[in-house]
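Undergrad: here's a sequence, model it:
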Amino acid sequence: MRATGSSLGASLPRIDAADKVTGAARYAGDVDLPNQAWMKVVFAGVPHAEINAVDVEAARAAPGVIAVLTAADVPVNEYGLIMPDQPVLCGTGSSEQARTIRWEADHIAVVVAETQAQAEAAAKLVKLDATPLTVLTDPFAAMQPDAPILHPRPFRYPYGERDLNSNVLLEYKLLDGDIRAGFAEADVVVESVYRTHAQEHAYLQPEAGVAWVRPDGKIEVICGGQWMHEEREQVAHALGLPHDQIVVQFPAIGSAFGGREDISVQIVLALAAWKTGRPVKVVWTREESIVGHHKRHPFTIRTRWGATRAGKIVAAQVDMTSDCGPYAYTSTKVLGNALLAVLGPYKIPNVDVTARTVYTNNTPSGAFRGFGGPQGHFAAEMQ
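TA: Sure thing, here's the model as predicted:
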């Protein structure tokens, strides 16, 4: 709201406060449309494997089932907020990238049925035939020369040329001054290793939404999110449609804390409504939410600082590694913030910082309040 003479310095009521405290506010899971069907997303259930087949015949024959969608049904089977390294649905009949499962919550099928119970029952009939691959749970193991490469194929990468023989998604370096001279000047050196862990957002409204094809032919997705225009762009890209054919609407969101920056159900909801011609709804369980969305980045930060007896910090050498998980999400941007935060608010004349984010088969890492700052500042202030 623009400040005026009467509003500047005044306490203004939140426009959504009354509806939220009285229970009148509608969240994504509260929205229902006439003649809607229900959707169930089938997770892979294994962290790393090469798909031979996804058998959906029994699911298609189950009571109430309208459609079962697989990788072959996705026109452009890729998405990603920073780069399109993640398949919408993993499976055969699509891209080579989509044939590999890299995370237990990779989506392998979408079941659409008349009722929620029928969708859930049919989803249990989907059978995955896949060859297990080596599971990488440690980013340092993932950087070893003999580690399997999770993304050996090129995709649109906005940071120059990516090394297809490495699991390092991106590396930054920050150099200033003369690090050797700085440590030579130091009277005391403090050296340690700090490790931060993954963290669940635990917002109140789990992933939910409804999509439908409007009378004007546009696909409308009603969901909780944080990046309305980016979600619209990613839905349009995956469906191979012009952006103006997609409408994204956010009702009350039910908190986010960074946990809704990346796609969860938006694309598959739009796909299901588009393919069936019916409004389609989904509400994830709390377990699906925790398994199926990203977490705060775990970091390992090795740091060495030098200072004089007068209390002046004269040198800082840092090597930091974050666990990206199997897909980029916002890992490259979080890495940049952590790189800047790891020196704290201090003026240090001689610095040598290396920061990298590494693909693993763990849950994807992404945005969380502070966006890399808490991990970096934690190491700096402990120093």
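Undergrad: what are the contacting residues of stretch 232-252?
TA: Applying Cβ atoms under 8 Å, 6 or more residues apart in numbering, the contact partners of stretch 232-252 are 16, 19-20, 25-28, 30-31, 74-81, 84, 88, 205, 214, 217-225, 228-229, 231, 263, 266-267, 270-271, 274. C-beta coordinates here come from the backbone N, C-alpha and C atoms, glycine included.
Undergrad: same check on stretch 264-275?
TA: 37, 39, 41, 67, 69, 73-74, 79, 88-89, 107, 110, 112, 207-213, 219, 221, 223, 225, 231, 234-235, 238-239, 246, 248, 279-280, 282, 284, 292-293.
Undergrad: out of these, list just those in strands.
TA: Among those, DSSP state E puts 37, 39, 41, 67, 69, 107, 110, 112, 208-213, 219, 221, 223, 246, 248, 280, 282 in strands.
Undergrad: in this protein, where's the longest strand?
TA: Max-length strand for the chain by DSSP E is strand 313-325.
Undergrad: partner strands of that strand and their direction?
TA: strand 299-307 (antiparallel), strand 351-359 (parallel) (DSSP bridges).
Undergrad: what sits against residue 301?
TA: 193, 194, 195, 196, 318, 319, 320, 321, 342, 375, 376, 379.
Undergrad: and it, how far is that from residue 376?
TA: 8 Å (Cβ to Cβ, to the nearest Å).
Undergrad: what residues are shared contacts of these two?
TA: Joint contacts of residue 301 and residue 376 (Cβ under 8 Å, 6+ apart) are 320, 342.
Undergrad: how about the strands in the stretch 1-150 of the chain?
TA: 37-43, 49-55, 65-69, 100-101, 107-113, 127-132 (DSSP state E, counting those that start in this stretch).
Undergrad: closest to residue 162 out of the strands paired with strand 313-325?
TA: Residue 162 lies closest to strand 351-359 among those, at 10.9 Å (Cβ to Cβ).
Undergrad: now that closest one: how far from the chain's centre is it?
TA: Counting by Cα atoms, centre = their mean, to the nearest Å, strand 351-359 is centred 20 Å from the centre of its parent chain.
Undergrad: and it, what's buried?
TA: Within strand 351-359, the residues that count as buried by 16 or more other Cβ atoms under 10 Å are 351, 352, 353, 354, 355, 356, 357, 358, 359.
Undergrad: I'd like the next helix or strand past that strand.
TA: helix 373-382 (DSSP states H and E).
Undergrad: among the strands paired with strand 313-325, which comes closest to residue 48?
TA: Distance to residue 48, taken as Cβ to Cβ, is lowest for strand 351-359 among the strands paired with strand 313-325, at 11.0 Å.
Undergrad: measure how the closest one sits relative to helix 373-382, angle-wise.
TA: 140 degrees (axes from the mean of the first three to the mean of the last three Cα atoms, to 10 degrees).
Undergrad: switch to numbering from 7
TA: With the count now opening at 7, the last piece we talked about shows up as strand 357-365.
Undergrad: give me the mean pLDDT for strand 357-365.
TA: Mean pLDDT, strand 357-365: 98.
Undergrad: before we move on, back to that, going through the contacts of residue 307, which ones are buried?
TA: 200, 202, 324, 325, 326, 327, 348, 381, 382, 385.
Undergrad: count of neighbours near residue 206?
TA: Residue 206 sits with 15 neighbouring residues when counted by other Cβ atoms under 10 Å.
Undergrad: please apply the same query to residue 72.
TA: That count, for residue 72 with other Cβ under 10 Å as the rule, works out to 21.
Undergrad: what residues are up against it?
TA: 43, 118, 119, 120, 282, 284.
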